[in-house]
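[1] predicted model follows, preceded by the sequence.
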Amino acid sequence: MSANANIDLTTAVVESDQPITPQVPPKVRRSKRAAGITGLLLQNRKAAVGAAIIVFYLLVAFVGPYLVKYDPTEIVARRHLAPNAQHWFGTDGSGKDVFSQTVVGARSSLSTGLIVGGIVTIIGILVGMTAGYLRGWVDDLLSTLTNIVLIIPGLPLLIVLAAFLPPGFWSIIFVLSVTGWAWGARVLRSQTMSLREKDFVASAVVAGEGNMRIMLREILPNMMSIVVAGYLGAVNYAIGAQAGLEFLGLGNPSSVSWGNNLYWAQNNSALLVGAWWTLIPSGLSIALVAFGFSMINYAIDEVTNPRLRSQRQTAQILKGQPAKVRKSRGTPVMIEGRES
């Protein structure tokens, strides 16, 4: 009797018209989530504007130097010549072409920002995640080191380090990397401590995975939005700090960069003689690059933060604009009100 019951039960389960939901592997879920985030970024206006600015300046930095007409280090006309058909941005106090200086200087400034951003982000990941996951004396030691770097005033430390090192591209990168990793490490430590208590980490521990594998394969992918945002902020910090150090004369004055362009414009009394064209191109370029990275950063925050995304959708609904509401934790009341 029980055997027949088991056969009937098995047959009922097999013949049931309800589909069996397949188990989706974690890698597939992660790839779908990444594709969804990429699609949202492509549709975000802030991300589009920021990406357009950054792509333009990257083309200027890595293609422009081969297309400029004049050598930025050679005297080609009389000093403080106003912009004209021959010299689009005029000439500086030494008679050098400002347009060539701006285009060629983009490579040094952007390269410094991208390299320092990468180094600072890697150090922040290693220090922050190690301290947040291992806890104990490791956390105490790394947190103390982080706090020491944080409490030291940034600008005086930059000036002291830059003054005692030989001027050059890699000296600036070293100085900015040493002084810029602490904030990112502190944020990643806090996030790692929160994710460490999640069930998927406990499952990985029970499965026998090592600490390094858990940090890199389980915890780090869940913090990629924070890591990317920290990288973009570090790039902005590096470009601005390099320009500040070179403006103070602590860089290599013979190199061509946006900071050195401002330094020589100040030395040649550009404002006193009314040669505004020697200051505006480099200064405006620094501001636009920072604006572009900031717009991308804001867009990433909007896309990855469900609360900000739902607030944006709510604002569009209240303004009467069509809003594409995705599956989220938004309140059914607002969704139902939009459809009515």
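    The structure has been received and is ready for your questions. Quick caveat: nothing in here was measured; it's all calculated off a predicted structure.
[2] which helix or strand contains the nearest residue to Glu218 once chain neighbours are set aside?
    Spatially, and ignoring its direct neighbours in sequence, Glu218 is nearest to Ala204 (5.1 Å; C-beta to C-beta, 6 or more residues apart in numbering). For every residue, glycine as well, the C-beta is placed using N, CA and C. Using DSSP states H and E, Ala204 maps to helix 199-206.
[3] how far does that helix sit from the chain's center?
    Here helix 199-206 is found 30 Å from its chain centre; the criterion is C-alpha atoms, centre = their mean, to the nearest Å.
[4] helix or strand right after that helix?
    helix 211-213.
[5] quick one: mean pLDDT for that following helix?
    Taken as a whole, helix 211-213 has an average pLDDT of 87.
[6] just stretch 222-235 next, same as before
    90.
[7] with stretch 121-139 instead?
    The pLDDT scores in stretch 121-139 average 91.
[8] buried ones in it?
    Under the neighbour-count criterion of 16 or more other C-beta atoms under 10 Å, stretch 121-139 has 121, 123-125, 127-133, 139 buried.
[9] need those residues in JSON lines (columns: distance to Thr179 and secondary structure).
    What follows is those, written out as JSON lines (distance: C-beta to C-beta, whole Å; DSSP: H, G, I helix; E, B strand; the rest coil):
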{"residue": "Thr121", "distance to Thr179": "14", "secondary structure": "helix"}
{"residue": "Ile123", "distance to Thr179": "11", "secondary structure": "helix"}
{"residue": "Gly124", "distance to Thr179": "13", "secondary structure": "helix"}
{"residue": "Ile125", "distance to Thr179": "17", "secondary structure": "helix"}
{"residue": "Val127", "distance to Thr179": "14", "secondary structure": "helix"}
{"residue": "Gly128", "distance to Thr179": "16", "secondary structure": "helix"}
{"residue": "Met129", "distance to Thr179": "21", "secondary structure": "helix"}
{"residue": "Thr130", "distance to Thr179": "20", "secondary structure": "helix"}
{"residue": "Ala131", "distance to Thr179": "19", "secondary structure": "helix"}
{"residue": "Gly132", "distance to Thr179": "22", "secondary structure": "helix"}
{"residue": "Tyr133", "distance to Thr179": "25", "secondary structure": "helix"}
{"residue": "Asp139", "distance to Thr179": "22", "secondary structure": "helix"}
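[10] ok, the residue nearest to Gln242 when sequence neighbours are not counted to Ile75 distance?
    Excluding its sequence neighbours, the residue lying closest to Gln242 (C-beta to C-beta, 6+ apart) is Thr112, at 4.9 Å. As judged by C-beta to C-beta, to the nearest Å, Thr112 and Ile75 stand 27 Å apart.
[11] roughly how far does the residue nearest to Glu218 sit from Ala234?
    Separation of Ala204 from Ala234 (C-beta to C-beta): 29 Å.
[12] and Ser257, by the same measure?
    Note on Ser257: its distance to Ala234, by C-beta to C-beta, is 18 Å.
[13] which element is the residue nearest to the spatial centre of the chain on?
    By C-alpha atoms, centre = their mean, the chain has its centre lying nearest to Leu232, at 1.5 Å. In the assignment (DSSP H and E), Leu232 maps to helix 224-247.
[14] which elements pack onto the following helix or strand past that helix?
    Scanning forward in sequence from helix 224-247 by DSSP H and E, the next helix or strand is helix 258-267. Judged by 3 or more C-beta pairs under 8 Å, 6 or more residues apart in numbering; DSSP states H and E, helix 258-267 is in contact with helix 98-134, helix 224-247, helix 280-304.
[15] so which of those helices gets nearest Lys46?
    Among these, helix 280-304 comes nearest to Lys46, with 4.2 Å by C-beta to C-beta.
[16] so which bits of that closest one are buried?
    Residues of helix 280-304 classed as buried by neighbour count (16+ other C-beta under 10 Å): 281-283, 285-286, 289-290, 292-293, 295-300, 302-304.
[17] quick one: low-confidence ranges for the stretch 201-340 of the chain?
    Of all residues in the stretch 201-340 of the chain, those with pLDDT under 70 make up the ranges 305-340.
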